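Trainee: got a predicted structure plus its sequence, pasted below:
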Amino acid sequence: MKDITLGRYVPYNSFIHRLDPRNKIFCLIALMVAIFFSYSTYEVTFIMAGIIALIILILMLISHISFKQLFGSLKTMWFIILFLMLINILLPNSKAVTVAFSIGNFPIYWESIFQSLKIIIRLVLMVSLTMILTATTKPMDLTYALEWYMTPLKVIRFPAHEIAMTISIALRFIPTLLDETYRIMKAQESRGVDFKRGKLSKRFKAIISLIVPLFISAFQRSEELADAMEARGYDPKAKRTRYRKLRFSINDAISFILVGSIMSGVIIVSHFNFELMTAHFLPLLIVITLSILSIMLLTGILDAKFRRDL
């Protein structure tokens, strides 16, 4: 549990940390949409997924997010990954025709394997992008950004501030509850509870011994938070001022243009059904990809050098 870093803010003075949270949310949504575009062949699908993975890799390097943190967040998703693979392999698509191998009389199709890999890659990329957002953005900045996006809904009396505050508190308490879960597990293990071995009924009782105190702790924390907010005079309906104003900068313009370029390239490749055999497709894709990756790396390196000089 302690290895899960999703939802934890990591303070650092990087290029991505200093971006406007409103711009970061927009870029996150744009890149997530790009992940889910479909292409003409599986080869192009995996190539485009690899390009987006390289972009996310550079974003992680610029943000100073270690791969250990990413693997720690993905480690708990192995069950979901295996479940998705089994569903796609055991229930093949009607278009599946190419048999990879057979288990007894049951055929396993290449199309099912590729479909499973595509889903798993998308899931990993989504988690990586979400981790970058939460690790580089303060919970209160996320609240301000979400409220800013929901401002037009205030015309119909939509509780934008309350919804944004609820989402922010939920994100803030993810790492807290994970730490609490890890602490309770260690306390129960010291009393002889085994979460990893034993019969199904015994392990179910062990899980109950974890869930009950966790729920009690969560309710106590929520009650303490509500009392603290009331003691400080918090009124969600009151007009609020902010100590820190959100402002767009040149860094936001650069990131917006880069994400817009990536999104445009993905739309073009998907819409025109490019294939590997399409004339000049692969050379152009390599040149454009290397250009975008070089600009991202150069931006991160120059920004780090400029900050050191200051």
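Mentor: On my side now, so go ahead. Keep in mind that what you see is a predicted model, and the values were worked out from it rather than measured. Numbering: from 1, shown residues only.

Trainee: give me the pLDDT value at Leu31.
Mentor: At Leu31, the pLDDT value in this model is 91.

Trainee: and Ile51, by the same measure?
Mentor: pLDDT, read off for Ile51, is 90.

Trainee: that one sits in which helix or strand?
Mentor: If you go by DSSP states H and E, Ile51 is part of helix 42-63.

Trainee: where in the chain is pLDDT low?
Mentor: Within the chain, the segments meeting pLDDT under 70 span 1-7, 72-73, 76, 94, 96, 195, 198, 200, 304-310.

Trainee: that one: strands as residue ranges?
Mentor: For the chain, strands defined by DSSP state E occupy the ranges 99-103, 106-109.

Trainee: now those as JSON lines including distance to Pro152 and mean neighbour count?
Mentor: No exception for glycine: its C-beta is placed from N, CA and C like everyone else's. Converted to JSON lines, those look like this (distance: least, CB to CB, whole Å; neighbours: other CB atoms under 10 Å):
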{"stretch": "strand 99-103", "distance to Pro152": "51", "mean neighbour count": "10"}
{"stretch": "strand 106-109", "distance to Pro152": "47", "mean neighbour count": "14"}
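
Trainee: and of those strands, who's closest to Val266?
Mentor: strand 106-109 (27.2 Å; CB to CB).

Trainee: how far off centre is the closest one?
Mentor: Offset of strand 106-109 from its chain centre (CA atoms, centre = their mean, to the nearest Å): 33 Å.

Trainee: same deal with stretch 199-208?
Mentor: 31 Å.

Trainee: now stretch 16-24
Mentor: On the basis of CA atoms, centre = their mean, stretch 16-24 sits 15 Å off its chain's mean C-alpha point.

Trainee: again with stretch 50-60
Mentor: Here stretch 50-60 is found 13 Å from its chain centre; the criterion is CA atoms, centre = their mean.

Trainee: pull out the buried residues from it.
Mentor: Ile51, Ile52, Ile55, Ile56, Ile58, Leu59, Met60 (16 or more other CB atoms under 10 Å).

Trainee: in the protein, which spans are helices?
Mentor: Under the criterion DSSP state H, the chain contains helices at 21-35, 42-63, 67-74, 78-90, 110-136, 139-149, 160-190, 200-231, 250-271, 281-309.

Trainee: rebuild those as CSV, extending it with distance to Arg242.
Mentor: Shown next, in CSV, are the helices of the chain (distance: least, CB to CB, whole Å):
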stretch, distance to Arg242
helix 21-35, 13
helix 42-63, 25
helix 67-74, 30
helix 78-90, 39
helix 110-136, 20
helix 139-149, 7
helix 160-190, 12
helix 200-231, 17
helix 250-271, 18
helix 281-309, 26
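
Trainee: between the ones you listed, which one is nearest to Lys237?
Mentor: The nearest among those, by CB to CB, is helix 160-190 at 8.3 Å.

Trainee: list the helices and strands that closest one packs on?
Mentor: Using 3 or more CB pairs under 8 Å, 6 or more residues apart in numbering; DSSP states H and E as the contact test, the elements touching helix 160-190 are helix 139-149, helix 200-231.

Trainee: perfect, I'm done here.
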